[in-house]
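Enquirer: Quick check, what structure comes out for this input:
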Amino acid sequence: IVLLAGVVLALWGIAKTLLTKAKWNKGIWAVGTGAVLVVLSLFWVLGYNDTAFYPSLLDVNSSLTIRNSSSSQFTLQVMSVVSLLVPFVLAYIAYVWRAMDSQKITEKEIRD
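Expert: You can find the predicted model right below:
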């Protein structure tokens, strides 16, 4: 029911925006709500009863489900630390880039 409601909302928003002669620009709300409902219903279907969202043809037990494809606690902790270091890496790149651009390359450096 949620999937059907999402699809109907999205199609209604697109059709009303394209087919209305008067300027009607509120279709984004219907399309956005419909998209959220469709994605939520797909997540619910995939998570229900370990449904395989990427089935294996060779071995049924090797199919990907939400449970066996999600990250472990250790992986999430490592990704958190790495994500905290990204701004420092970007700042270092910007600093070095600016330092390298401050001096022009001479003909002697090009020849060597």
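Enquirer: domains of the protein?
Expert: Structural domains assigned to the chain are 1-69, 71-112, following automatic domain parsing.
Enquirer: got the contact list for the most centrally placed residue in the chain?
Expert: Taking CA atoms, centre = their mean as the criterion, Val39 is the residue nearest the geometric centre of the chain, at 12.4 Å. Residues in contact with Val39 (CB atoms under 8 Å, 6 or more residues apart in numbering) are Gly6. No exception for glycine: its C-beta is placed from N, CA and C like everyone else's.
Enquirer: doesn't it fall inside a helix?
Expert: Yes: assessed by DSSP: H, G, I helix; E, B strand; the rest coil, Val39 belongs to a helix.
Enquirer: what about it, distance to Tyr54?
Expert: To Tyr54, Val39 is 17 Å away according to CB to CB, to the nearest Å.
Enquirer: go on, Thr106?
Expert: Noted for Thr106: a distance of 56 Å to Tyr54, by CB to CB.
Enquirer: can you check Gly6 too?
Expert: For Gly6 relative to Tyr54 (CB to CB), the value is 23 Å.
Enquirer: ok, those two, which is more surrounded?
Expert: Gly6 (21 against 10; other CB atoms under 10 Å).
Enquirer: backbone phi and psi for the more buried one, please?
Expert: phi -70, psi -40 (degrees, to the nearest 10).
Enquirer: Let me know whether my guess that Tyr95 is in a helix holds.
Expert: Yes: assignment of Tyr95 by three-state DSSP places it within a helix.
Enquirer: Please work out how many residues are found near it.
Expert: As a burial measure, Tyr95 scores 10 neighbours (other CB under 10 Å).
Enquirer: ditto for Leu9
Expert: Other residues lying near Leu9 total 20 when counted by other CB under 10 Å.
Enquirer: Determine the three-state secondary structure at it.
Expert: helix.
Enquirer: Is it in contact with Ile28, as I believe?
Expert: No: if you go by CB atoms under 8 Å, Leu9 and Ile28 don't touch, sitting 11.5 Å apart.
Enquirer: Dump the helix or strand of the chain with the lowest mean pLDDT to PDB, keeping only the CA atoms.
Expert: When the helices and strands of the chain are compared on mean pLDDT, DSSP states H and E, helix 66-69 comes out lowest with a mean of 80. Extracted in PDB, the C-alpha atoms of helix 66-69 (Å, rounded to 0.1, in the frame of the first residue of the first chain):
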ATOM      1  CA  ILE A  66      20.600  -6.400   5.000                       C
ATOM      2  CA  ARG A  67      22.000  -8.300   8.000                       C
ATOM      3  CA  ASN A  68      25.100  -9.800   6.300                       C
ATOM      4  CA  SER A  69      25.900  -6.800   4.200                       C
END
